[in-house]
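dropping the sequence and predicted coords here.
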Amino acid sequence: MTEPSASIVRPTLFDSVERWADRDFGEDLRNFLEEICYSDLASYAQLIHHKDIIIQCLLRHLADRSLSLPAFCDFCSAIATDLRDDFHTHFWQIFDAISKLVLASKGKEKCSDNELECALRAMEQIVRINFRFVSARLKQLFSRLLPLFAFPSDVRLRFISARTFSFVFLKAPFPHKLAKFLLVKCFSDCGHLRDGLSLFFFDAFLGVEENEAKLEELIDAFVVPIFEMSSESELRRFSITFLSDVFRKSISDKNLFVSTGIVAKLHKRFESAVDPNELQTLSEWLLLWVNAKRHSHFVEENAKKLLPLVVTKIELASADCAELFEQYLQLISALLLSLPPSSDNLSSVFAVLANFGTDSCRLPALLRCLARLRPLPLFRSSVMDLVDRVASSLLASVPADFGTVSQQQLQLLRELLIFYKNILTDLPSAGDHSLFSSCQSPAFCVRLHLPIRHFVVAVLHNPSDYPSDFFDFALLIWPHLWLVNEKPEGSDAINYLVIQSIRKGTKQRLTEKETERLWNGTYATLLKRE
């Protein structure tokens with residue numbers, strides 16, 4: 001039996017009863033006080049002697065959904081405070097009784113906001129008071145908490161429950177084991193547990209406040225179990241996506257301390273990691289913060305430190321790891337877009353990227369990366385100069401007889417056409433764009449890209465020799481490849497397409513593809529005439 005502290009003048013339960021008697025002295029409360037012979041309780045000794053009767057009366061009133069539910073929830077936390085270790089034998093009874101009320105709150109029996117908050121606060125307090133007892137029984141505790149986190153019909157309950165019990169993770173003796181246990185439970189659930197549990201993990205981050213060591217420990221607890229899972233397992237893939245959701249919540253919350261700590265920890269792990277699967281996941285997570293730079297979560301200093309590290313990693317990446325290579329390129333392009341144009345070492349980055357221009361396996365991913373750099377001021381020079389070298393080399397390797405082109409070459413040419421289409425077709429209209437009032441496009445210098453122009457004209461003149469989508473790409477690209485004072489080659493082929501389509505359309509309904517080509521051909525002709 002635990003002796004009360006000398007500093008406590010009277011049992012907490014007595015103060016709680018008097019406080020509620022002044023506010024809500026209803027019939028349920030009067031009956032409870034009579035049942036426990038409250039008028040005869042004058043000391044801790046008497047309280048402890050009658051503890052079983054008091055707790056049984058509390059359980060009965062909770063089961064009957066007392067009209068004074070907030071009061072009885074407060075009594076539960078008060079008696080737990082008074083009994084301390086002597087409360088352990090009744091812990092699960094009280095916790096389950098309150099939890100049952102919360103989980104049954106639907107229809108006419110739905111708890112009010114006040115009742116819900118009082119119930120969850122009481123559950124939180126009895127867990128805190130008895131945490132030494134609970135810490136050895138966390139699986140039992142979470143078998144009761146998970147239904148709260150997964151409550152199907154009330155997102156408010158999931159939100160409040162996650163926030164209320166997030167402290168458990170911070171105080172858990174083996175947080176990494178707890179994290180893995182919860183991830184496994186979440187993976188096997190097909191309801192709302194993912195939503196509630198992601199809130200629980202997120203609130204745990206917020207609970208560290210300004211404790212850097214605790215934040216680092218917490219990040220490890222979440223991340224390490226995931227990387228210990230088999231790289232081919234569905235559980236690992238699910239856990240990566242799940243933790244990405246948690247990170248997005250941290251970004252949206254705009255808590256600079258938490259985000260700075262997470263970025264620093266991920267950067268440190270990325271720097272030392274060698275496993276391709278781990279590197280790809282870390283790149284995905286870092287990319288979340290790079291893309292959130294506008295929210296000041298990823299400051300310029302972080303970008304300057306991370307960019308050379310990623311460039312080094314991509315140089316060392318195996319040619320067999322195509323997904324990792326593309327993930328690196330996504331991170332590099334996002335970092336380049338986040339830095340000011342005057343940043344140092346940008347030329348060295350493009351020098352490294354240029355080395356991949358001759359790798360047929362990596363060229364498609366490289367072109368997609370370069371297309372994302374369209375907003376950069378140096379796009380017209382550094383990026384398009386690189387593309388010109390790549391395009392010239394690729395087109396020079398195409399045989400005169402296009403029918404002998406390999407499937408790999410065919411796909412590379414398709415990726416090249418897609419690149420030009422993507423960077424050119426988002427230009428403003430002719431009347432507003434300097435392309436039509438000067439001798440070069442803001443996207444690139446036309447004179448340096450003659451090989452792609454010759455290829456586009458060849459496709460327009462001989463559409464049957466090329467895949468059908470090549471002709472569609474050529475229609476979109478063609479009007480942007482000419483200087484304003486030039487007579488464009490290929491206009492006769494486009495005019496022929498338009499006239500033939502109109503003639504056919506007067507006799508029969510054009511297919512969707514024929515209509516699209518007629519529109520694109522007409523638009524290209526009008527655009528060039530402007």
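All right, it came through fine. Numbers count the residues shown, from 1 in each chain.

any weak-confidence spans in the stretch 201-350 of the chain?
The model of the stretch 201-350 of the chain has pLDDT under 70 over residues 293-298, 342-344.

skipping adjacent residues, who's closest to residue 514 in space?
Of all residues not flanking residue 514 in the chain, residue 501 sits nearest, at 6.0 Å (Cβ to Cβ, 6 or more residues apart in numbering). Using the backbone N, CA and C atoms, a C-beta is placed for each residue, glycine as well.

now residue 302
In space, residue 302 is closest to residue 263, 5.9 Å off (Cβ to Cβ, 6+ apart).

which SSE is that neighbour in?
helix 256-272 (DSSP states H and E).

and that helix, what does it pack against?
Counting contacts by 3 or more Cβ pairs under 8 Å, 6 or more residues apart in numbering; DSSP states H and E, helix 256-272 packs against helix 193-207, helix 212-228, helix 234-253, helix 276-291, helix 300-316.

and the ones you listed: which comes nearest residue 153?
Distance to residue 153, taken as Cβ to Cβ, is lowest for helix 193-207 among the helices and strands packed on helix 256-272, at 12.5 Å.

touching the closest one from outside, list them.
Outside helix 193-207, the residues that touch it by Cβ atoms under 8 Å, 6 or more residues apart in numbering are 146, 148-151, 155, 158-159, 161-163, 165-167, 169-170, 179, 182, 185-186, 215, 218, 222, 242-243, 245-246, 249-250, 253, 255, 258, 262.

swap in stretch 130-144?
By Cβ under 8 Å, 6+ apart, the list of residues contacting stretch 130-144 reads 80, 85, 87-88, 91-92, 95-96, 99, 127, 168, 171-173, 178, 181-182, 185.

which among those residues end up buried?
80, 87, 91, 95, 99, 127, 168, 172, 178, 182, 185 (16 or more other Cβ atoms under 10 Å).

for these, give me CSV that also has secondary structure, distance to residue 68 and pLDDT.
What follows is the buried ones among the contacts of stretch 130-144, written out as CSV (DSSP: H, G, I helix; E, B strand; the rest coil; distance: Cβ to Cβ, whole Å; pLDDT from 0 to 100):
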residue, secondary structure, distance to residue 68, pLDDT
80, helix, 18, 94
87, helix, 22, 94
91, helix, 23, 97
95, helix, 20, 97
99, helix, 19, 94
127, helix, 23, 97
168, helix, 28, 97
172, coil, 34, 95
178, helix, 36, 96
182, helix, 35, 96
185, helix, 35, 95
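
any chance of those residues in CSV, plus distance to residue 360?
Converted to CSV, the buried ones among the contacts of stretch 130-144 look like this (distance: Cβ to Cβ, whole Å):
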residue, distance to residue 360
80, 69
87, 71
91, 66
95, 63
99, 61
127, 60
168, 54
172, 51
178, 48
182, 45
185, 46
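
ok, those vs residue 375, which is closest?
Nearest to residue 375 among these: residue 182, at 40.6 Å, using Cβ to Cβ.

one step back: wouldn't the residue nearest to residue 514 be in contact with residue 516 here?
No. Residue 501 lies out of contact with residue 516 (Cβ atoms under 8 Å); the separation is 10.2 Å.

looking at the two, which is more packed in?
Neighbour totals were compared for residue 501 and residue 516, and residue 501 leads with 17 against 13 (other Cβ atoms under 10 Å).

could you point out which element follows whatever helix or strand the more buried one lives in?
Under the criterion of DSSP H and E, residue 501 resides in helix 491-507. In the C-terminal direction, the helix or strand that comes right after helix 491-507 (DSSP H and E) is helix 512-529.

give me the contacts around that following helix.
Contacts of helix 512-529 (Cβ under 8 Å, 6+ apart): 430, 468, 471-472, 475-476, 478-479, 482, 488, 491, 494-495, 497-498, 501-502, 504-505, 510.

tell me the angle the host helix or strand of residue 179 makes with helix 212-228.
Taking DSSP H and E as the criterion, residue 179 maps to helix 175-187. For helix 175-187 against helix 212-228, the angle between stretch directions is 50 degrees (axes from the mean of the first three to the mean of the last three Cα atoms, to 10 degrees).
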